[in-house]
Structure formats: structure tokens, C-alpha cells
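K.L.:
Have a look; sequence and predicted model below, questions after that.
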Protein chains: 4
Amino acid sequence: MCRWAAYIGAPIYLEDVISRPGHSLIEQSKEADECKTSTNGDGFGVAWYDTRPEPGLYRDVYPAWSDPNLRSVAHHIRSGLFLAHVRASTGSAISRNNCHPFTAGNWSFMHNGQAGGFEHFRKQADMCVSDDLYHHRKGATDSEVLFLMALDEGLDRDPHGALSRSVARLENLSRERGCTPHMRLSAALSDGKRMFAVRYSSDHIAPSVYYRWSEARQGWAVVSEPLEADETGWTELAAGTFMELNDGKISMTEFTPEF
Amino acid sequence: MCRWAAYIGAPIYLEDVISRPGHSLIEQSKEADECKTSTNGDGFGVAWYDTRPEPGLYRDVYPAWSDPNLRSVAHHIRSGLFLAHVRASTGSAISRNNCHPFTAGNWSFMHNGQAGGFEHFRKQADMCVSDDLYHHRKGATDSEVLFLMALDEGLDRDPHGALSRSVARLENLSRERGCTPHMRLSAALSDGKRMFAVRYSSDHIAPSVYYRWSEARQGWAVVSEPLEADETGWTELAAGTFMELNDGKISMTEFTPEF
Amino acid sequence: MCRWAAYIGAPIYLEDVISRPGHSLIEQSKEADECKTSTNGDGFGVAWYDTRPEPGLYRDVYPAWSDPNLRSVAHHIRSGLFLAHVRASTGSAISRNNCHPFTAGNWSFMHNGQAGGFEHFRKQADMCVSDDLYHHRKGATDSEVLFLMALDEGLDRDPHGALSRSVARLENLSRERGCTPHMRLSAALSDGKRMFAVRYSSDHIAPSVYYRWSEARQGWAVVSEPLEADETGWTELAAGTFMELNDGKISMTEFTPEF
Amino acid sequence: MCRWAAYIGAPIYLEDVISRPGHSLIEQSKEADECKTSTNGDGFGVAWYDTRPEPGLYRDVYPAWSDPNLRSVAHHIRSGLFLAHVRASTGSAISRNNCHPFTAGNWSFMHNGQAGGFEHFRKQADMCVSDDLYHHRKGATDSEVLFLMALDEGLDRDPHGALSRSVARLENLSRERGCTPHMRLSAALSDGKRMFAVRYSSDHIAPSVYYRWSEARQGWAVVSEPLEADETGWTELAAGTFMELNDGKISMTEFTPEF
């Protein structure tokens, strides 16, 4: 299990999410409240958008809590759209290529959850990635393969559909060759303009997702756990929901894998 | 605060202390029971003796729990005398040179504790290291400087006295320029033949140290926390005690800094 | 292109190959003589056999020339059979999982060379790895996939045949989807008892391999480049040759991929 | 010996110096033309100024040529004033704290050169750093200590004087306890508004420094080696010169240590 936090709105410093809040993402790397493994020390990453078409990407294998580069980068870079992640490996190696977010072209993607028994069907999952996108398959996580499947399924023209079809494909592989829980998913992704988030589970335990509008910042935060313990305004995203954030607006639709 | 474990006796695999026991040092890196910070993820190290006069040394900045090199090295190397450590930084940087054990010639040293306010008198502490040994001052920890002071005070001919004099020097610096607690100390050290351990505090909270004779292994383990939760035979080292282990024998004397 | 060195015979310290000779593997990481890229600074690794059935494995992403752990490990570990490698990436990421040697069970494998245009048929190569062995596919190199193919082809019962069939499969993929040179190969591998080496190229440029018997050490060294510049006794392995070293004896057979 | 490149002028992407030119700093990390060690693979760093009073700082221990984080950061960050460095260690450890640039408050500093025999008088050099600044002494290089000495000598109010006095102090230590060459120095530093560079040697071999005005970019580059092999307009800074760049203007004065 991992923790993540994303932001879309008027530009802010990355540190306003990553390191400054009382329960910032770095604090969550040391002690998360709402996940089984409270320590998320197996690497971190941040993808941020600016005037370049592709996001910037900074990922490393160290615990987020002690990395001076991350603190400096977060203190200096401002962005109106970014995704940040701290990792707790569920088995795959500690490697930069297994750190979230993953990026391809203008897209970025990060994930908390699991496809049960993934190591037993990793080969079959890899084979689902198209020839065209296979050069983006650099690591060994279920998260990266889900992202690439979704790109193959048409993330650009139909984010909701592409994600629900790729979740279905991966969940089916888990049902055929893996084990329970077949799919637990909380993910955030972006094409550089819009942000999407999804919360879903094949059983009754979907990983937590919260969101909040900040009037002061004029932006939305979408997170695994609220960034301040005693702050009002955090709403839990209901399980089985797909959310789009765009131009300050938020829209939600039901999320069901298209088996 | 950190966690450590040391062994002297008939040769065993390093993993018999580092990774195999139920509450092995690697388990303690994830979740220690008897220290304030339960996560000890800021690097690790092991110094082991074999037929070479100087110990082997393998240290790295990653969390011990995820390092495949550490697991392989511990699975393959046998030794009759070794020191192993997992670190939780109390301020100084995550760097190999700040990882324990520290070595100089045939000596090795590791430490859990603190000299209160060390950063305020680090310069004065560095100045206490002799010209001859200053090339061994590679990092910025209080632990390394305490080790080098002890070498200057004559570790070779009088381990007890050298350590009590150097603890006094460092504790005095903390009293002059630092803050409470002025000295909390649990340390293990070796010259390649004998092992020494010490537990001391300037206040009433000395970091825990336990020891145990294994009949099966024909060796002593000295540790921050027992390596098995439900194992009998672990004895707590009393605060204010200096312990020597040599030729299967164990001797204890009172430890008081020689101010 | 990379550099490697292997040893089989009476036990020696790893450093006798890795760091002590005048043109040791570490020296070759700084300045190799017989390969296009003289710097081999993209990681290193060593696999050594002892009384355990599986080899020990120590790999890291730093340049070999500056890693104190490697020097210490090589100074302290003795082995009668080991493989050591320094890497110059030809494209795939700098990651421990892309560092040689690769191991699976009692087997170890390292490689210098390339399958031309590999990134264009990496997916097809991955698909060639059997379901049973796919959990060993951790990185993204052509070398690792060649090793796993060879295991699938029966390395245990027929090393020569397994390797020639897997080289043929990979070379064929390069001919179908890749580019020239379709296959350049110098590899060493071991099952913990015997060592094998092969030198082959689909064109006229096979990466160099040399071997030498040391009377003083009572062992064979097989290397990319001689370990001492002015030492007699180094013989170049002819291109298109498969070599087995076992019980102090050496045997050679022609090596042709079984298309 | 190391290589460095600095820029002051209208904002450009860091990559315009670090990775895009034909003989960019990353190219120089692989193969420098004008220094003894052509490989500068022992870490890298960049300090950049933006609207924050203190510079951003990103340093790591890997070779610059293979670090995807560096490429991404350099592709996305724009700055009108930055310092970038690739390191070839002359003895001190490969550690982030030994990577240039060094920063303290609004100042940044990077260096190529040496104070002969530094390891023999590192303690005496450390003792020259004032109590107030000693907490900035995090590594073990002569470069960092020179920077801290210069801050003590009043870099803020008199950059030229402060640097010439601190160079004299360090050169004197080398004359007393070290060896030749007592001082070779090419350094760049900044307070976030102005940039300064200096080239000096106690013997006849001063490390190279070049500078060039870019009309297209409206900015000055100051570098160890020209960023393009066949580009006109690069002027060599004469040995024994101190240079200030400010508001598009450049001024030079003689540089002699104030013994």
C-alpha cells in the first residue's frame, strides 16, 4: 500500500502538499493513518506540469522523509497540476522504475492498491501491453501495467472508459490466475489539463480517497489521507466513483469495470 | 535512536542475527519495540571479522528491510564476531559515512543514543580528535567522534578507561554547550578478539541492552532488543555497566564517565 | 559494452580479480582498452559460490571504482568460483535489476554484447520466457532475457545446446524486428560446479574474451581483457567457441546458434 | 578535477547548459577535453535561483550522464542564474555532501581544483571555520571549507577580498602541512544577484575557465570548457583574475591571495 496526493488549481509550491502541511505526504511516509503499513519508505515520486507538454518527473528510491533533494525541489517548483506519491512495496523491487508516478507522453499516473496475486500473472499482464507502448514498460509493478493498458484502451479520448476496461482486464487476470483481493484501486492521473481520480474495489475494502477545495489556494487537493488532521472540508470519495477535475469544476460518475 | 545487534562465539551466518530471527535486526528496522522511533530506516551497516586483521564493512543508506545485497551478504558470510546496526537519524544526513559501524584499523564501533545538542558543539568535538586520527573523521555524527576520542584515549590498552574518559569529554561538551539529555549511550565495540558493550545515561533513561548465551550456537548475542519475542534467557544489561565478552566468558564492571 | 572477469579454481579473494591486479576489473571500469566505450561506470556486480547451493550476489548502480562496499566485500570474501562484471549501459536504465550477473537457483550469468535493436523486440523476447521462469524477469536487458531463455532451453542438462538455441531465438528476433549487429556475445555462466564461457558474433566483430591458467593460484581466469598488461599466458578465445572449465580442465567446442 | 558551468542573464532552461549543447556539462562528465581525468562520474549538482531568496539545490552521487531526474529537472526548470557541476573525486568520499555546489543562505559556490595534501590539514582547515558557520560543514572536501572560510571573511560585503583572504589561508595550510600544488582554483559563486568567478594557481597550471556572451539568450556563460566545440566567442579567463558579472556587465580585477 502507498499514499499519494494530487493538486489542480492556481499554481502553488509543491511543498504545500509534499512537506509543509501537518499531515503532509512526507509525514504520511513516516506514519500514515489509514493504511495497513503505516511506513511508506520504499521510494517516492512527483510529476508536475508547467509550460512543457510533458510533465517533469522526479523519483527516487530513498524514503521521502530524508531526501534533501525532494525538499529543495518541492520548495522551489510551483505548479498548477501535480501528482506526488510515497511507496510501500508489496513485493516488487525498490527501483526508480517501480516508483510512481509513471509517465508517457503528456500523461501521468499514480496508484495505491493491488491486483491480487499479480506476480502469478505478470507475464500475461505484460503481454496485454501493445507493441507500440511496450517501450514504456520499464518496471515490474501492476500499477505501471494498468497505466499502459489504459493508454492502449484510449485514455486520451475516453478516460473513464479506458480505465474501466483496463481495470476489468487486470481484474480478470487476477480472477483467472491470481488471488483475492482481485482489485483494490485508488488512482490519480492527468493529461496535463484535467485530473482524474478513481476509487474502486472488487471486495468491500477500497483504499481511501479524499478531496477538498481550498478557497485560499483556489485549487482542489485529492489525497489518500487529509493533509491536516483537524481541517474541515475534506470529503471522502465514495467507493466505485470516477472523478474528473477540470477548470475548477468537479464531476463524478459511477465506476464499474467493463468486464 | 537506532537498533543494533552483535555476536561473539562459534561462527554463524550473519543472517542468524540480521534477517532470520522473528524479531531480527531487519524486523526491528521496520518496527522496533523499545525505542521512541519504531522505524529505523535511515541506513544500515555490518562489520564482521574473519581471518583478515581488519573487519569487513558493508554499509548503505537504504532501509535494511528492502536491500537485497544485505540479505545475500548475510546469507553467505559466516563470522564468529560481528556488529550490525540499523539507523534512525536524529538529525545528521543520510550518508554512508554516517552509518554505523565505524571502523579504524582492527576496531569497530556502533552506538545507539545521543549527546544532547550535539550540533551546537560538533566543532568542539571534532577538535578533540587528534591530528593522527582525524582522517578517520568522515561523517558528522556524535557516534563517530566518540569512537575516535576513545581510540585517542587508548582503546587498545584500556577499553573501559578509554571509553569512560571519552564519554566524559563528550558529556562535558554537552553540559557546556548542548542540552539535555547530555548523554544516553548503548554501544558495542570490538578489536577483533574481544567484544565490549556499555549502557549508560546521564539521566534515568538509558537505551536498552540485552544479552543471551546460545547453547546451540555456542555464542553470545548482545542486542538492543531480544531477537525472539518469546525466547527465554535474555538478560537486561543494567544501566551504568561495562561488559566484556571474551573466550566465551563475560565480565561486567561499573561504568561511570571519568570527569 | 561492458567488461567482465570470472574465476574457477582453488579459492582466492575476490579482490585478486576485482581490485588488486594492475588492469583489474575496477581499473577496466575506469579505462578499458578493448571496447568502444572505455568507461564502464553504470553499475557492477559479483556472484560468488561457497558452501550454499545458490550464489551470493552483490550488485549496485554506482561506478565500481568508487564503491567502498565492493572493495571491502572483495577484500574479505574468498571463493573458488565467481563471476564479476562492470556495466556500460547501451540504453536500458541504471538499475540494480539491470546489473549483471543475473542469478536463478544455482545458476549465474553475465554478458557483454548486444542483440541489435533489442528495444524494438523486447516484448517478443519477454514472451519467449516461460511462465515458470517469468518471475525471474526483473529488469529490461537483453542479457537477462537470454539467460532465462537458456534456462528454459535446458541449461542444466545441456549447457552448450541450451545456449546455442537461445542465442538463435534472440538473434532471429533481431533479424525480424531489430537491426545490425544482430548478435554480439561474450558471456560467462556457472551452475556452481562448472564454468562456461562463449564468444560469438553474427558479424565479424565478436567481443574479446581471454583466459589464463595461474599455476600460483591453481585456477583459471576468463576475462574480457587480461588482468595484467604485461603478463604472459593469456590466450584469446576464438570467436565461435564454447568453453567449459571443470576440475581444472578446459574443453572447447564450436559454438553456432541452432537456428 | 571536475567540470562546471554557470549562467547569468535572461532566464533559460537549465538543460541549455547541462544537457543540450554539443559539449554540454553532461557530455563533459563522460569525456572532458581539458582536464587530467576525462571522466567526471563521481556525482553532480545544480544550484539555481528563482523568486526564493535561497537557491534550489539538487545533488546526487550518480554519474550525471545516466540520471533521468537530472535530465527532467534540467528540462523543466528555468532560471536566470545557476551553477552546475560534475565531479571527479580526488580522494574524498562519493557522498551528496561532497557534491558541488555548496550553499549557505543565499550563497552558492562550486569549485574545480585542489589544495595540495588537503587530507593532511583537513583538521586545521575545519578549525578555521567559525563556530557560527560550522553547522554548514557537512562534508569533507577542501572546496566546502574554502567556501565557509570565505563566508567568514565577509563574502557579502567584499567578495573579492573575502575570497583572496580565504584562498591565502588555505594555501598557507597547504604550504605548512600539505604538498604541491598548494593551490589550483577555478571557482564560481553567487549571492543570487551577482555571479563571481575566479581562476588562480600557486604554480603555472591554473584550471581552465572560459566565458561567452550569448546575444540570442542575452546572458553570460562561464564554464570550465566551451559548451560547443566550434562556437566562436569563447574567451579564456586569464589566470590570476577575479570576475564579476552583474546586470549584463562584466568586470575583471587581478586576483592575488592576501597572505
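P.N.:
Now that the structure is in, tell me what you want to look at.
K.L.:
I figured residue A:49 hits residue A:191, correct?
P.N.:
No - Residue A:49 is beyond contact range of residue A:191, at 9.3 Å (criterion: C-beta atoms under 8 Å). Bear in mind the C-beta positions are built from the backbone N, C-alpha and C, glycine included.
K.L.:
ok, those two, which is more surrounded?
P.N.:
Using other C-beta atoms under 10 Å in any protein chain shown as the criterion, residue A:49 and residue A:191 rank with residue A:49 on top: 24 against 17.
K.L.:
Quick check: closest non-adjacent residue to that one.
P.N.:
Of all residues not flanking residue A:49 in the chain, residue A:81 sits nearest, at 4.3 Å (C-beta to C-beta, 6 or more residues apart in numbering or on different chains).
K.L.:
For the one you found, what is the enclosing helix or strand?
P.N.:
Using DSSP states H and E, residue A:81 maps to strand A:78-86.
K.L.:
ok, back up a step: neighbours of the residue nearest to residue A:49, how many?
P.N.:
23.
K.L.:
Put the alpha carbons of the helix or strand bottoming out on mean pLDDT in chain A into PDB.
P.N.:
Across the helices and strands of chain A, mean confidence by mean pLDDT, DSSP states H and E is lowest for helix A:25-30: a mean of 94. C-alpha atoms of helix A:25-30 as PDB (Å, rounded to 0.1, in the frame of the first residue of the first chain):
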ATOM      1  CA  LEU A  25       2.800  13.400   2.200                       C
ATOM      2  CA  ILE A  26       6.200  13.300   3.800                       C
ATOM      3  CA  GLU A  27       4.600  12.900   7.200                       C
ATOM      4  CA  GLN A  28       2.500  10.100   5.700                       C
ATOM      5  CA  SER A  29       5.700   8.400   4.500                       C
ATOM      6  CA  LYS A  30       6.700   8.200   8.200                       C
END
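K.L.:
contacts for that helix?
P.N.:
Contacts to helix A:25-30, defined as C-beta atoms under 8 Å, 6 or more residues apart in numbering or on different chains, come from residues A:3-5, A:17-19, A:21, A:39-41, A:44, A:63-65, A:70, A:84-86, A:224-225, A:227, B:39.
K.L.:
Closest residue of the stretch 151-259 of chain A to chain D?
P.N.:
residue A:192 (12.5 Å; C-beta to the nearest C-beta).
K.L.:
tell me the contacts of that residue?
P.N.:
A:49, A:53-55, A:81, A:106-108.
K.L.:
now those residues in TSV, with pLDDT?
P.N.:
Listed next are the contacts of residue A:192 as TSV, based on pLDDT from 0 to 100:
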residue	pLDDT
A:49	98
A:53	95
A:54	98
A:55	98
A:81	98
A:106	98
A:107	98
A:108	98
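K.L.:
Make a markdown table out of the residues you listed and add secondary structure.
P.N.:
Shown next, in a markdown table, are these (DSSP: H, G, I helix; E, B strand; the rest coil):
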| residue | secondary structure |
| --- | --- |
| A:49 | coil |
| A:53 | coil |
| A:54 | coil |
| A:55 | coil |
| A:81 | strand |
| A:106 | coil |
| A:107 | strand |
| A:108 | strand |
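K.L.:
now those: which count as buried?
P.N.:
Listed as buried from the contacts of residue A:192 are A:49, A:54-55, A:81, A:107-108; burial here means 16 or more other C-beta atoms under 10 Å in any protein chain shown.
K.L.:
Helices of chain A, residue ranges please.
P.N.:
Using DSSP state H, the helices of chain A run over A:15-18, A:25-30, A:68-76, A:122-128, A:142-152, A:159-177.
K.L.:
does the third one come close to chain B?
P.N.:
When you say that, I think you mean helix A:68-76. Yes - shown here: helix A:68-76 in contact with chain B (C-beta under 8 Å from any C-beta of the partner chain) through residue A:68.
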